[in-house]
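K.L.:
For reference, the sequence and a predicted model appear below.
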Amino acid sequence: MSKRALKKYLKELDKEDLEEQIIDLYERLDEVKVFYNFVFNPNERKLIENAKIKISREYFPENRRKRPKARRSVAQKFIKHFIKLGVDPIKTADLMLYNIEIAQTFAEDRSSIKEAFYKSMYKSYE
């Protein structure tokens, strides 16, 4: 369905039907629920802090016996999610820089890091 057809369809609905559809979407789709929860309670600081914790655990697991996975994709998912939600661009940029910073700290402690890791971090920086 095109955006134009959707607009036409929505104009034909009365207020009660439109409310029912939005509630139905809210109950069925997690993305809609996350969006409305963010719109009505935009606690950006808490979201950023949780993301930073998860990113740091990717490089420095709490359990010392676990091997760090060091996946760039974890941070990229958070960044993409924050952009979709409309989080303040400055705070999203802060998360991007934090990801690079934590990766550099990780690389500093290790002597044998593969070239793919550095290429991945370069992509993050770009």
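P.N.:
Noted; the coordinates are in hand.
K.L.:
what's the spacing between the helix or strand harbouring Lys11 and its chain's center?
P.N.:
Element membership for Lys11 (DSSP states H and E) is helix 3-12. A distance of 30 Å separates the C-alpha centroid of helix 3-12 from that of its chain, computed with C-alpha atoms, centre = their mean, to the nearest Å.
K.L.:
in whichever strand or helix holds Ser73, what's buried?
P.N.:
In this structure, Ser73 sits in helix 72-85 according to DSSP H and E. By 16 or more other C-beta atoms under 10 Å, the buried positions in helix 72-85 come out as 72, 74-75, 78-79, 81-82, 85. For glycine as for every other residue, the C-beta is placed from the backbone atoms N, C-alpha and C.
K.L.:
Where does pLDDT dip in this protein?
P.N.:
For the chain, no stretch is flagged by pLDDT under 70.
K.L.:
mind listing what the residue sitting nearest the centre point of the chain touches?
P.N.:
Taking C-alpha atoms, centre = their mean as the criterion, Phe78 is the residue nearest the geometric centre of the chain, at 2.1 Å. Listed by C-beta atoms under 8 Å, 6 or more residues apart in numbering, the contact set of Phe78 reads 51, 54-55, 95.
K.L.:
Could you rerun that using 10 Å?
P.N.:
Phe78 makes contact with 47-48, 50-52, 54-55, 87, 92, 95-96, 99, according to C-beta atoms under 10 Å, 6 or more residues apart in numbering.
K.L.:
does Leu95 really touch Val74, like I thought?
P.N.:
No: with contact defined as C-beta atoms under 10 Å, Leu95 does not reach Val74; the gap is 11.5 Å.
K.L.:
Now the common contact residues for these two.
P.N.:
By C-beta under 10 Å, 6+ apart, the residues touching both Leu95 and Val74 are 51, 55.
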